[in-house]
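Predicted model and sequence follow; I will ask about them next.
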Amino acid sequence: MCSHQPPCPTADLPDHRTALVVSAHPEQGWSLLCNGTIVFDDTGELLPDGRAVGPHRVPGPPTVAA
């Protein structure tokens, strides 16, 4: 899909999320990247080969019981 220079990283590379956004749909919570990856607002992904990648959740700060 990528036709500009320098080319975006392909979907199989670790930095694939740095590809340019081709189509953004913030009202629906997703964007299509130049390399064919669909990224979701919850950080999940759908790769061009059909594989799904779950959200990359970062643990929040510990909570203190009252």
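That came in fine, so what should we check first? Numbers count the residues shown, from 1 in each chain.

Low-confidence ranges, the chain, go.
1, 66 (pLDDT under 70).

cutoff 90 now
Scanning the chain for pLDDT under 90 picks out 1-7, 42-43, 55-66.

centroid residue for this protein?
V39 (3.2 Å; CA atoms, centre = their mean).

hang on, it is in a strand, isn't it?
Yes - judged by DSSP: H, G, I helix; E, B strand; the rest coil, V39 forms part of a strand.

For it, give the beta-bridge partners.
S31, E45 (DSSP bridges).

What separation is there between it and Q28?
12 Å (CB to CB, to the nearest Å). For glycine as for every other residue, the C-beta is placed from the backbone atoms N, C-alpha and C.

How about T10?
From T10 over to Q28 (counting by CB to CB), the distance is 25 Å.

These two - which one has more neighbours?
T10 (16 against 9; other CB atoms under 10 Å).

who's in contact with that one?
Neighbouring residues of T10 by CB atoms under 8 Å, 6 or more residues apart in numbering: H16, N35.
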